[in-house]
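# Here is my input; please provide its structure:
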Amino acid sequence: MIKKALLATATLASLCSLPAHADVSFNVGAVTDYRYRGISQSRLDPALQGGADWVQSADGGFYAGVWGSTIRWIKDAGRIAGTDVGNARVEVDLYGGYKGSIVEGLGYDVGLLQYWYPRNKLDRISGAEKADTTEVYGALTYGPVTAKYSHALTDTFGNGDSKNSYYLDLSASFEITDGWMLVPHVGRQKIKGPADDLGASYTDYSLGVSKDFSGFVVSATAVGTNADKSFYVTPAGKFTGKNALVVGVKYNF
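Numbers count the residues shown, from 1 in each chain. The predicted model follows:
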């Protein structure tokens with residue numbers, strides 16, 4: 001935990017101390033429901049989010065960043081199990097990688113992503129592990145279409161014995177008119193180990209529209225999954241993978 005805290009501090013410090021000519025950007029925003037891979041991380045309630053990014057060049061090269069969001073799912077899991085799993089109210093993502101082109105029109109992106117949940121003690125639940133997860137990923141982009149594969153190097157989001165789980169997704173981004181973007185997406189989350197038998201693996205899909213108004217981005221996304229309704233639930237028994245419309249606002253600066 002100490003190492004992860006130091007890593008987060010070092011990442012933020014390095015982003016903020018880069019020379020003026022470096023390409024550094026920040027973002028803050030809110031969503032009506034924080035959905036990740038189709039599953040609500042915020043108990044179907046609104047969430048606050050924000051992050052910082054550095055890129056070597058807009059044309060490609062190395063990049064690094066940090067992003068965070070408020071969450072509720074870890075505390076909810078503890079309530080369902082009747083166990084104190086700590087006060088993990090936020091998710092912090094630390095990532096870095098490299099983007100380039102194989103041939104003209106065909107780009108690639110490879111990197112490492114650490115999901116960090118400060119003060120989580122999800123491993124107090126029998127059969128579970130701490131929620132912190134590390135993934136390596138690779139993506140190919142051709143025109144508006146991107147295919148991405150993410151592979152877990154650790155146990156995955158608290159599921160015991162789930163190392164080598166993976167997520168495969170296909171998405172695209174099309175301009176409809178006057179800067180309005182249409183973003184279809186489909187993905188498959190495979191959770192290895194005992195949790196798979198309990199219904200942890202699923203497919204998610206979404207269709208979003210968004211527009212950037214001089215740094216102020218508004219979006220609306222229809223989200224759904226075929227996830228197991230008894231596995232992905234809130235303490236009140238609400239299905240966290242249900243069909244929903246998620247509205248978001250974000251400011252990039």
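
# C-alpha from now on. contacts and neighbour counts both.
Fine.

# which residues in the stretch 51-200 of the chain form strands?
61-70, 90-103, 106-116, 133-142, 145-152, 166-172, 174-177, 180-190 (DSSP state E, counting those that start in this stretch).

# The fourth one packs against which elements?
So that's strand 133-142. With contacts defined as 3 or more CA pairs under 8 Å, 6 or more residues apart in numbering; DSSP states H and E, strand 133-142 has these neighbours: strand 106-116, strand 145-152.

# count of residues packed around Phe213?
Neighbours of Phe213 under the rule other CA atoms under 10 Å: 11.

# Oops, could you answer that again for Ser171 instead?
Neighbours around Ser171, by other CA under 10 Å: 18.

# Mind pulling the model confidence for it?
In this model, Ser171 is scored at 98, pLDDT.

# okay, the helices and strands packed on strand 133-142 in JSON lines with distance to Thr134 next?
As requested, those are arranged in JSON lines below (distance: least, CA to CA, whole Å):
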{"stretch": "strand 106-116", "distance to Thr134": "5"}
{"stretch": "strand 145-152", "distance to Thr134": "6"}
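
# picking that back up, possible to save the strands of the stretch 51-200 of the chain as a markdown table with distance to Asp45?
A markdown table is the format used below for those (distance: least, CA to CA, whole Å):
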| stretch | distance to Asp45 |
| --- | --- |
| strand 61-70 | 10 |
| strand 90-103 | 14 |
| strand 106-116 | 21 |
| strand 133-142 | 23 |
| strand 145-152 | 27 |
| strand 166-172 | 24 |
| strand 174-177 | 29 |
| strand 180-190 | 22 |
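
# among the ones you listed, which is nearest Ala52?
strand 61-70 (5.5 Å; CA to CA).

# Distance from the closest one to the middle of the chain?
Distance of strand 61-70 from the chain centroid (CA atoms, centre = their mean, to the nearest Å) equals 11 Å.

# Report how many residues lie close to Tyr36.
With other CA under 10 Å as criterion, Tyr36 counts 11.

# now swap in Val186 and tell me
20.

# Identify the residue nearest it in space, chain neighbours excluded?
If the residues on either side of it in the chain are set aside, Val186 comes closest to Tyr205, at 4.3 Å by CA to CA, 6 or more residues apart in numbering.

# Low-confidence ranges, the stretch 1-150 of the chain, go.
In the predicted model of the stretch 1-150 of the chain, residues 1-22 satisfy pLDDT under 70.

# Which stretches in the stretch 151-253 of the chain count as helices?
Using DSSP state H, counting those that start in this stretch, the helices assigned to the stretch 151-253 of the chain run over residues 194-197.

# Now do the spatially most central residue of the chain against Leu48, distance only.
What sits nearest the mean C-alpha location of the chain, by CA atoms, centre = their mean, is Tyr36, with 5.3 Å. Distance, Tyr36 to Leu48, using CA to CA, to the nearest Å: 14 Å.

# for Asp197, same thing?
From Asp197 to Leu48 the distance is 33 Å (CA to CA).

# okay, the two: which has more neighbours?
More crowded of Asp197 and Leu48, by other CA under 10 Å: Leu48, with 19 against 10.

# excluding its backbone neighbours, what's nearest that one?
Ala30 (4.5 Å).

# likewise Arg124?
Val85 (6.3 Å).

# That neighbour: neighbour count?
21.

# List the residues that contact Lys190.
Listed by CA atoms under 8 Å, 6 or more residues apart in numbering, the contact set of Lys190 reads Ser165, Tyr166, Tyr167, Asp196, Ala200, Ser201, Tyr202.

# so how many other residues sit close to Ser101?
With other CA under 10 Å as criterion, Ser101 counts 15.

# Find the nearest non-adjacent residue to it, please.
Distances taken as CA to CA, 6+ apart place Gly107 nearest to Ser101, at 4.1 Å, with adjacent residues excluded.
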